[in-house]
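K.L.:
Output the structure for:
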Amino acid sequence: MADKADPNAGEDISDSLARSPLAADLRAVIKERRAPGSGDGRRRGGDGRFLSASESVADARFDVVIEFNTGFPGGVGTARRLLLEGFQRRQLHAGLQLPEIDQRLMDRLTIMPITAALAEVDLDEIMRCFDADDSLQISNSLWTENYAFGRLSYAALLAITGLRVAPAEPSARRWRLAHAGFGDRRELMPLVHRVWRDQPIETFVYESQRTIKCDAARAAFAAAGADIVWAVADTGIDGGHPHFATHGTLDLPATLLHRDFTGLHADDAVAAAAALVDEDGHGSHVAGIVAGETPAVPGGHRVVGKVRDIDAEGRETTRDETTTLELAVSGIAPRCKLLSLKVLKTRKNGALSHLMAALGYVHRVNDYGRTLKIHGINLSLGYPFDPAWFAAGQSPLCGEVERLVKSGVVVVVAAGNGGYGTVVTHAGSTERAAHGGTIADPGNAELAITVGATHRDMPHAYGVSFFSAKGPTADGRMKPDLVAPGERIVSCAAATSDAGKSGAAFREESGTSMAAPHVSGAIAAFMSVRKEFRGRPERMKRIFMESATDLRRRPEFQGAGLIDLMRALQSV
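P.N.:
This is a model prediction of the structure:
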């Protein structure tokens, strides 16, 4: 086995990184932690002296996603089990206890003996990869099939990626840990395939029913989402909002539970209750676009929106403005059931690992496609994609999205709000301009339905929203797939949000975050009356793209065009 790396050793960190299986996104973060070699920018340690680059990295802990080797003896599950058991042994050796829920899961994981072929693997060697400040998220990791999530030092990262097993003797079917430089490298089998950065994820916020002909479809086909369950991975859903009480939107079958992935919980009931608390309000707003209904009331509903003021000198400020809405407020598929998967605490406080665990949860609940209890999932979140990290659509998150779609689940993703920004001219001045190639992950996933934004009720006049991320993908595929209303959309204000605290039940929001749930709701409504298409997400994507309305904008702006639920229903 590779010895635990010493970050203070003479070897240059760049050389170690170049030879390691650390992904490019993680290598970039590690390099950022390096102290500059000279000048005032150098970092000082607690004793006042300047830190070397190695010491600067050694101090840090990095949030990571560990992908295991599919060719490992016994498979990825065995490779992950060995690493988790080694970590557990390190905790016990240091006199530390795992959280109770993690301990229960480890007891369940290790109740069966390890395969005899790996009985000679020394867990003490794996234990020495970690120190007392390293941590692994056991409960969230075990919702996935191929990954573990953790917060590890640079030394630990090099150590775990150096873990190999080799035949105990020539032609033997028993394996033991070996140094990376031991024997014939063709016989060495690594535990870890790749380690990625646990990317911070965030939401994409920057009379829509009539725009996508949802009202006509409901009148003609009774397409209201009945018998469909749609997951919303977001900041949670306000379980006390009256919008979700009218049709029991959050009342799920006994086999389904809401779940919070942002923290550890004593049991499933506590995790479910936490998922129905939305301290930010973004998840409740998104959920209210998909499903639920609030009847009109005398005096109307209070709605809080943002107004921009520009003074004579061009200075811009924003302020809240409260208006009254006299009409009923309805989700696109009002009778659809919603499953809250809480993966962010606030719109900028979430992690890739939370979302990957949530996708794994949907896999598990659906028995990996054999029993479809959750028909679709809405992802109005993500992170900016950098083509220097990996090919577009090939990130771990995109890979999990592809697996979920292939198991029969529709995955609808917001394209992102990076479609407009600042550019620097040849002369050095800055100008505002539209930006192509700005689709965010997981919108780069081939099989996802990636959604851009357009005007609430005048899409032909105003076209694609200026902020909506533009295609193509970095590898040349056309995205987004569709556009839907995403400007000044009225939906639920969570009680704990600023708007909710002011007494308003609803608020306006803009962004591709609001466009994606229009598509989620439309597909839920479609599948409620066209039952034969449940579990056929690729066919659903094709139907909605082929029936979309052309806004006569460039395809890298609008994709196939504006979603049209009525035409989609009439096309089959």
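
K.L.:
For the residue minimising distance to the centre of the chain, grab phi and psi.
P.N.:
The chain has residue 355 as the residue nearest its centroid, 4.0 Å off, counting by CA atoms, centre = their mean. Backbone geometry at residue 355, expressed as degrees, to the nearest 10, gives phi -70, psi -40.

K.L.:
so the closest residue to residue 496 other than its chain neighbours, which of the three states?
P.N.:
Leaving aside its sequence neighbours, residue 496 sits nearest to residue 279 (CB to CB, 6 or more residues apart in numbering; 4.9 Å). C-betas here are computed from N, CA, C, even on glycine. Taking DSSP: H, G, I helix; E, B strand; the rest coil as the rule, one finds residue 279 in the coil state.

K.L.:
So residue 279 sits against residue 347, correct?
P.N.:
No. Counting by CB atoms under 8 Å, residue 279 does not reach residue 347; the two are 10.3 Å apart.

K.L.:
So these two - more neighbours on which side?
P.N.:
Comparing residue 279 with residue 347 by other CB atoms under 10 Å, the one with more neighbours is residue 347, at 20 against 17.

K.L.:
Residue 519 versus residue 379, what's the distance?
P.N.:
11 Å (CB to CB, to the nearest Å).

K.L.:
Now do the shared contacts for these two.
P.N.:
residue 412 (CB atoms under 8 Å, 6 or more residues apart in numbering).

K.L.:
what residues are up against residue 28?
P.N.:
197, 388, 389.

K.L.:
so is it in a helix, a strand, or just coil?
P.N.:
On the basis of three-state DSSP, residue 28 is classed as helix.

K.L.:
picking up where we left off before, narrow the contacts of residue 28 to those in strands?
P.N.:
Taking DSSP state E as the definition of strands, the contacts of residue 28 contribute residue 197.

K.L.:
Ranking by neighbours, what's the top pick from the contacts of residue 28?
P.N.:
residue 197 leads the contacts of residue 28 on contacts (other CB under 10 Å) with 22 neighbours.

K.L.:
Show me what that residue is bridged to.
P.N.:
residue 64 (DSSP bridges).

K.L.:
what separates it from residue 213, distance-wise?
P.N.:
Applying CB to CB, the value for residue 197 to residue 213 is 42 Å.

K.L.:
for residue 436, same thing?
P.N.:
Applying CB to CB, the value for residue 436 to residue 213 is 30 Å.

K.L.:
who's more crowded, these two?
P.N.:
Neighbour totals were compared for residue 436 and residue 213, and residue 213 leads with 20 against 14 (other CB under 10 Å).

K.L.:
which non-adjacent residue is nearest the more buried one?
P.N.:
Residue 213 sits nearest to residue 566 (CB to CB, 6+ apart), 3.8 Å away.

K.L.:
is it true that the one you found touches residue 211?
P.N.:
No. The criterion here is CB under 8 Å, and residue 566 misses it with residue 211 at 11.4 Å.

K.L.:
Return the distance of the strand or helix carrying residue 358 from the chain's centre.
P.N.:
Residue 358 belongs to helix 352-365 when elements are defined using DSSP states H and E. Taking CA atoms, centre = their mean, to the nearest Å, one finds helix 352-365 lying 9 Å from the centre of the chain it belongs to.

K.L.:
Mind giving me the packing neighbours of it?
P.N.:
In terms of contacts (3 or more CB pairs under 8 Å, 6 or more residues apart in numbering; DSSP states H and E), helix 352-365 is packed against strand 61-68, helix 138-141, strand 147-153, strand 200-203, strand 229-234, strand 337-342, strand 376-379, helix 396-406.

K.L.:
Listing partners with orientation, what would you give for the fourth one?
P.N.:
Applying DSSP bridges, strand 200-203 is found paired with strand 349-351 (antiparallel), strand 381-382 (antiparallel).

K.L.:
tell me the domain ranges of the protein?
P.N.:
Following automatic domain parsing, the chain resolves into domains at 13-198, 201-423+430-570.

K.L.:
mean pLDDT lowest for which of those domains?
P.N.:
Across those, domain 13-198 has the smallest mean pLDDT, namely a mean of 81.

K.L.:
Tell me where the stretch 251-400 of the chain has helices.
P.N.:
268-275, 282-290, 352-365, 396-406 (DSSP state H, counting those that start in this stretch).

K.L.:
Dump these into TSV; add distance to residue 466 as well.
P.N.:
TSV is the format used below for the helices of the stretch 251-400 of the chain (distance: least, CB to CB, whole Å):
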stretch	distance to residue 466
helix 268-275	34
helix 282-290	21
helix 352-365	27
helix 396-406	26
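
K.L.:
any residues in contact with both of residue 279 and residue 347?
P.N.:
Common neighbours of residue 279 and residue 347 (CB under 8 Å, 6+ apart) are residue 235.

K.L.:
sorry, back to before: of all the helices and strands packed on helix 352-365, which one is nearest residue 267?
P.N.:
For residue 267, the closest of the helices and strands packed on helix 352-365 is helix 138-141, at 11.4 Å, according to CB to CB.

K.L.:
Dump the closest one to PDB, keeping only the CA atoms.
P.N.:
Listed next in PDB are the C-alpha coordinates belonging to helix 138-141 (Å, rounded to 0.1, in the frame of the first residue of the first chain):
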ATOM      1  CA  ILE A 138     -21.400   7.500   5.900                       C
ATOM      2  CA  SER A 139     -25.200   7.900   5.800                       C
ATOM      3  CA  ASN A 140     -25.300  10.000   2.600                       C
ATOM      4  CA  SER A 141     -22.600   7.900   1.000                       C
END
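
K.L.:
and it, how far from the chain's centre?
P.N.:
16 Å.

K.L.:
contact partners of that helix?
P.N.:
Contacts for helix 138-141 (CB under 8 Å, 6+ apart): 80, 84, 98-99, 101-102, 105-106, 147-149, 261, 264, 353-354, 357.

K.L.:
and the helices of the stretch 251-400 of the chain, which is most packed in?
P.N.:
Stretch with highest mean neighbour count among those: helix 282-290 (a mean of 33; mean count of other CB atoms under 10 Å).

K.L.:
For that helix, which helices and strands make contact with it?
P.N.:
Using 3+ CB pairs under 8 Å, 6+ apart, helix 282-290 sits against strand 229-234, strand 337-342, strand 489-492, strand 506-509, helix 512-529.
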